[in-house]
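Peer 1: Need a 3D model of the sequence below.
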Amino acid sequence: MYIFLDESGQFTKHNNEEYFVIGSFTVGDQRRTEKAFKSWRQSRFPRKMRTQNEIKWSSTSVDDSLRLRTLKHIAELDVRIRYGYLQRENIPSDFRNNAGKLESGLLYAAIIAEIIKTYLPTDEKEFYIFCDNRHLKGLTRNSFRESVKAQLLPVCSPGTFVDIQMIDSTANANIQIADWVSGALAWYLEKKPLGEECYKIIQNNILSTKEFFK
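Peer 2: The predicted structure follows:
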């Protein structure tokens, strides 16, 4: 199973947003979705944007009409979405050090593991998990991977293989799709003007929703 994840928002206060959202999806053929999204971006976006390696959901260069059409295109790719979110005020003290500083690396590892657990139980014996490259305060990349594995393997079938990679989203269109999914869901949760419309577009693709630390 190939799982792609990206997030919207920050663990710390940012632009008055209440939520941190992480979206994930699987598809039957990840090469098909990557090719389809690249083709859409190169043919439907304004000419000056077509040579960019990545266009994020939050890009101010994308107007609302194009944003919604692109989201519809993503929904039509048969992506199967599982997402989670948290309100900053609910982050447990377990993820703070003695000085009260947030240990965001540990928090991110815990959230990634919880999202992957929503794919269980399954007959799948191999999990390939792709996250966007981000700074992990207090953790090395290797310790991040080991932390996620340690939380997943006890609830997986015996002999399950888990591979976790952090990759640059500019080099992987499926991570970019995850960015659009999480961005759309964040707008819905934050009750932004297009939020309801965004949710209606992808709601049939959503298999599960999880609120962390409620």
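
Peer 1: List the beta-bridge partners for the most centrally placed residue in the chain.
Peer 2: Ranked by distance to the mean C-alpha position of the chain (CA atoms, centre = their mean), the top residue is D6 at 2.6 Å. D6 has these beta-bridge partners by DSSP bridges: G23.

Peer 1: show me the contacts for it.
Peer 2: For D6, the residues meeting the contact criterion (CB atoms under 8 Å, 6 or more residues apart in numbering) are I22, G23, C131, D132, S169, I175, Q176, A178, D179, V181, S182. Just so you know, the C-beta spots here come from the backbone N, C-alpha and C atoms, and that holds for glycine as well.

Peer 1: Touching, the fifth one and N133? I think so.
Peer 2: Yes: counting by CB atoms under 8 Å, N133 is a contact partner of S169 at 7.0 Å.

Peer 1: elements contacting the biggest helix by length in the chain?
Peer 2: Identified as the longest helix of the chain according to DSSP state H is helix 173-189. Helix 173-189 is packed against strand 2-8, strand 19-26, helix 30-44, helix 64-76, strand 80-87, strand 126-132, helix 195-202, with contacts defined by 3 or more CB pairs under 8 Å, 6 or more residues apart in numbering; DSSP states H and E.

Peer 1: I55 is nearest to which of those?
Peer 2: For I55, the closest of the helices and strands packed on helix 173-189 is helix 30-44, at 6.2 Å, according to CB to CB.

Peer 1: by contact count, what packs against the closest one?
Peer 2: Counting contacts by 3+ CB pairs under 8 Å, 6+ apart, helix 30-44 is packed against helix 64-76, helix 173-189.

Peer 1: would you list those in TSV and tack on mean pLDDT?
Peer 2: As requested, the helices and strands packed on helix 30-44 are arranged in TSV below (pLDDT from 0 to 100):
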stretch	mean pLDDT
helix 64-76	97
helix 173-189	97
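
Peer 1: neighbours of the closest residue to I201 other than its chain neighbours, just the number please.
Peer 2: On the basis of CB to CB, 6 or more residues apart in numbering, the spatially nearest residue to I201 that is not a chain neighbour turns out to be L71, at 5.0 Å. Using other CB atoms under 10 Å, L71 is surrounded by 21 other residues.

Peer 1: I am assuming L71 contacts C198, so please confirm or correct that.
Peer 2: Yes: taking contact to mean CB under 8 Å, the distance of 6.1 Å between L71 and C198 places them in contact.

Peer 1: okay, and the common contacts of those two?
Peer 2: Once CB under 8 Å, 6+ apart is applied, the residues that L71 and C198 both contact turn out to be A184.

Peer 1: Could you work out the end-to-end span of stretch 116-132 for me?
Peer 2: 15 Å (CA to CA, to the nearest Å).

Peer 1: and that stretch, what's its mean pLDDT?
Peer 2: Summarised as a single mean, pLDDT over stretch 116-132 is 95.
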